[in-house]
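# with the sequence up front, the predicted model follows.
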Amino acid sequence: MQTAQDRAAAVEAFTQRNFSLWGSMKLHRHAIGWDLLRAPANVALAPLFLLQKLAGVILGGLRLTRAARWITARPLMFRTALAAELDRRLYRDLLEPLGLIPQGAIDDYLATRNATNEIATTVGTLGFGAVTFKSLTPGVLSLAPALAAVMAQGAAVASFPLGGALGAVWYSAFPSKVPMSTVVLTGAALVLVLALMATFAGILTDPVQRRLGLHQNRLRRLVEALAAEREAPGTGRFTAPEHYVARSGDLADAAVNALRWFRG
């Protein structure tokens with residue numbers, strides 16, 4: 001029977017093998033392919049995934065166990081090749097040697113990778129907006145109008161009849177209007193770009209998280225939850241706060257955009 005120290009040692013070995021820079025690069029090779037289409041879809045479905053988990057928690061709190069189990073078992077997000085490979089490695093290299101049986105908790109763990117990468121992408125958009133626009137841009141809703149305005153302004157200056165120099169002076173005094181279609185198309189393009197960034201962000205964030213012990217902590221929680229479930233069914237629970245942090249970025253994005261709309 002493995003002890004908690006044995007499980008911690010197995011987790012450490014697994015993270016060193018898979019979440020170092022070289023290990024993460026080899027893992028992310030599996031994202032090249034159909035994952036490039038699945039990733040944007042999963043980003044769009046992520047808020048629904050969070051609502052699903054919240055509904056499960058609420059129903060469980062109301063002792064509607066069957067309803068909670070049913071709603072949380074519905075697949076909402078697309079299974080990516082990257083997630084399937086990590087799932088295979090988790091079972092083969094970590095859980096099976098420890099005698100642990102994969103439960104629904106492993107799906108929650110795999111989903112935390114998407115949430116963590118979204119958090120990294122949100123930080124990136126905040127930095128880009130702060131440097132480029134001197135503005136708060138936590139997501140697409142706030143970044144798209146600013147980027148569309150810059151693009152429209154540049155196009156207007158370039159097409160000014162009296163030349164670009166006079167065009168820059170003219171449109172600095174009378175900024176060009178941004179068609180809503182431009183904002184929508186810019187937002188759609190940003191969704192695709194940010195989704196792809198989130199897909200491969202792990203190449204950079206995995207080594208950092210391993211150094212900080214975040215990967216180890218998350219995997220230890222998963223392993224201990226499965227171990228508790230093995231000893232006493234119904235007691236093992238894996239919690240994933242990363243989902244809530246990622247969605248707080250969406251809420252902040254919506255709040256920033258709403259505030260700007262009210263201010264005109």
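Everything's here; your move.

# let me see the mean pLDDT of stretch 150-168.
For stretch 150-168, mean pLDDT rounds to 71.

# give me the longest helix you can find in the protein.
helix 104-132 (DSSP state H).

# pull the helix or strand with minimum mean pLDDT from this structure.
One helix or strand of the chain scores below all others by mean pLDDT, DSSP states H and E: helix 242-263, with a mean of 62.

# residue contacts, the residue lying closest to residue 121 once chain neighbours are set aside?
Closest residue to residue 121 apart from its sequence neighbours, by C-beta to C-beta, 6 or more residues apart in numbering: residue 198 at 4.6 Å. Any C-beta I mention is one placed from the backbone N, CA and C, and that applies to glycine too. Residue 198 sits next to 39, 43, 114, 117-118, 120-121 when contact means C-beta atoms under 8 Å, 6 or more residues apart in numbering.

# and the residues you listed, which is closest to residue 7?
Within these, proximity to residue 7 (C-beta to C-beta) peaks at residue 114, which comes in at 24.9 Å.

# any idea how far that closest one lies from residue 217?
Taking C-beta to C-beta, to the nearest Å as the measure, residue 114 falls 18 Å from residue 217.

# any stretches of the stretch 1-150 of the chain with poor pLDDT?
Low-confidence segments of the stretch 1-150 of the chain, defined by pLDDT under 70: 1-2, 46-47, 50, 103-105, 136-140.

# ok, and what's touching stretch 209-218?
Counting by C-beta under 8 Å, 6+ apart, 8, 11-12, 15-16, 19-20, 109, 112, 116, 206 sit against stretch 209-218.

# same thing but at 7 Å, please
Residues from elsewhere that reach stretch 209-218, judged by C-beta atoms under 7 Å, 6 or more residues apart in numbering: 11-12, 15, 19-20, 109, 112.

# quick one, which of these are buried?
Buried by 16 or more other C-beta atoms under 10 Å: 11-12, 15, 19, 109, 112, out of the contacts of stretch 209-218.
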